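> I'll drop the sequence and a predicted model, then ask my questions.
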Amino acid sequence: MKETETIPRLESVLFYVMEKAIKSYRQFAQRNLNTLNQDLTIDQWLVLKTLYDNPKLTQREIAERVFKDHASITRMIDLLVNKGFLERSLNPDDRRRYALELTPMGKMAQQESIPIIMENRATALKGLSADEVETLRNLLQCITDNCQNTNQKSKQS
């Protein structure tokens, strides 16, 4: 690299700032969730919420929705089963797969966490107007679409 080229400081790179915001939010949200339930991480809560909203999802579909790889979601589901939040049984339609279902304890943990989750979100977005939040959502979706479209184009080549 030429000495005349300058690389911007990390603090001025948009994606660095976005990552810092996400990590800060997750740490803040986890601390607050721990006040209610020490046995549940934010990622585990996302799995419970995803299954609560979509009870027939496969493990692969859950992984896609919570942005986890197959190995991570397998470990997470194993933990949730061991903690008593999920029940795993053979899928009657496809014996190669498992059916996952929230236990009564899993449903209760997911539902009891909602006020804390909502408060976390409200606190994190404090000072932003509804229009600003919508603009931010649209901008982030545009970045996501750009990245996914680029990946799809390279796969087709």
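On my side now, so go ahead.
> switch to C-alpha atoms for all contacts and neighbour counts from now on
Fine.
> In the protein, what residue spans correspond to helices?
14-34, 42-53, 59-65, 70-82, 104-124, 130-156 (DSSP state H).
> Minimum distance to Glu5: which of those has it?
Nearest of the helices of the chain to Glu5, taken as Cα to Cα: helix 14-34 at 19.1 Å.
> Buried residues in stretch 54-69, which are they?
57-59, 62-63 (16 or more other Cα atoms under 10 Å).
> who touches the one residue sitting closest to the centre of the chain in this structure?
What sits nearest the mean C-alpha location of the chain, by Cα atoms, centre = their mean, is Val66, with 4.2 Å. Counting by Cα atoms under 8 Å, 6 or more residues apart in numbering, Val66 makes contact with 43, 46-47, 50.
> Check the buried residues of stretch 54-69 and tell me the two furthest apart.
Maximum pairwise distance among the buried residues of stretch 54-69 (Cα to Cα): 9.8 Å, between Leu57 and Ala63.
> before we move on, the earlier item: could I get the helices of the chain as a markdown table with distance to Pro92 and mean pLDDT?
Shown next, in a markdown table, are the helices of the chain (distance: least, Cα to Cα, whole Å; pLDDT from 0 to 100):
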| stretch | distance to Pro92 | mean pLDDT |
| --- | --- | --- |
| helix 14-34 | 35 | 96 |
| helix 42-53 | 18 | 96 |
| helix 59-65 | 15 | 94 |
| helix 70-82 | 19 | 95 |
| helix 104-124 | 21 | 96 |
| helix 130-156 | 34 | 87 |
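> Just the pLDDT for the residue nearest to the centre of the chain.
Here, the pLDDT recorded for Val66 equals 96.
> Could you check how far it is from Ser72?
Distance, Val66 to Ser72, using Cα to Cα, to the nearest Å: 11 Å.
> And for Met105?
22 Å.
> again with Leu40
Counting by Cα to Cα, the gap from Leu40 to Ser72 is 15 Å.
> which one of these two has more residues nearby?
Leu40 (22 against 12; other Cα atoms under 10 Å).
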